[in-house]
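Undergrad: Next input, structure requested:
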Amino acid sequence: MPIELTILAWAMILLMAHVFAAAHAKTRQYGAHWNMGARDESLPPLNALAGRLTRAQANFQETLPIAIVALIGVVVAGRTSDMTALGGWIWIGARIAYLPIYALGIPMVRTLIFMISLIGLGMVLWPLLGL
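TA: Prediction:
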């Protein structure tokens, strides 16, 4: 099996980690009744941690479709290589690091890690561009 698909499987585990981390922080703030309810009521703004985890989840979900297309694309096109595998690992490694860095509120490092993840994605996408 191509390593790019393994990376994609790990990305789905990371997606679940984002969802559960954000939900846990929101539940700690708003309570279990909110979590199990319809969530129709107006609530106070999220506290700092819950807000950061929610934004980290949204950021991951915004870039995940690009990674899915890139990683599956190189497999389907038969364009996998050491570069696409390395790019995939760079992307997933940076995205794993991004979550706790964002949760801790370390802004400049968070942005650097995000940029590194984009470089990894670029390494995967490059062979699909046919340049």
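
Undergrad: Ramachandran angles for residue 45?
TA: In terms of degrees, to the nearest 10, the main-chain angles of residue 45 are phi -60, psi 150.

Undergrad: Could you find the closest non-adjacent residue to it?
TA: residue 51 (7.3 Å; C-beta to C-beta, 6 or more residues apart in numbering). From N, CA and C alone the C-beta is placed, and that goes for glycine too.

Undergrad: so which helix or strand takes in that neighbour?
TA: helix 48-76 (DSSP states H and E).

Undergrad: In that helix, which of the residues would be classed as buried?
TA: 49-54, 56-57, 59-60, 63-64, 67, 70-71, 73-75 (16 or more other C-beta atoms under 10 Å).

Undergrad: what packs against it?
TA: Helices and strands touching helix 48-76, by 3 or more C-beta pairs under 8 Å, 6 or more residues apart in numbering; DSSP states H and E, are helix 3-30, helix 82-103, helix 107-125.

Undergrad: Can you tell me what sits against the last one?
TA: Contacts of helix 107-125 from elsewhere in the structure, counted by C-beta atoms under 8 Å, 6 or more residues apart in numbering, are 4, 59, 63, 66-67, 70-71, 73-74, 83-84, 86-95, 97-98, 101-102.

Undergrad: May I see the buried residues of stretch 115-131?
TA: Applying 16+ other C-beta under 10 Å to stretch 115-131 flags 116, 117, 120, 121, 123, 124, 125, 126, 127 as buried.

Undergrad: again, but for stretch 96-110
TA: Buried, per 16+ other C-beta under 10 Å, within stretch 96-110: 96, 97, 98, 99, 101, 102, 103, 110.

Undergrad: what's the closest of those to residue 27?
TA: residue 103 (15.5 Å; C-beta to C-beta).

Undergrad: surely that closest one meets residue 21?
TA: Yes: with contact defined as C-beta atoms under 8 Å, residue 103 reaches residue 21; the gap is 7.3 Å.
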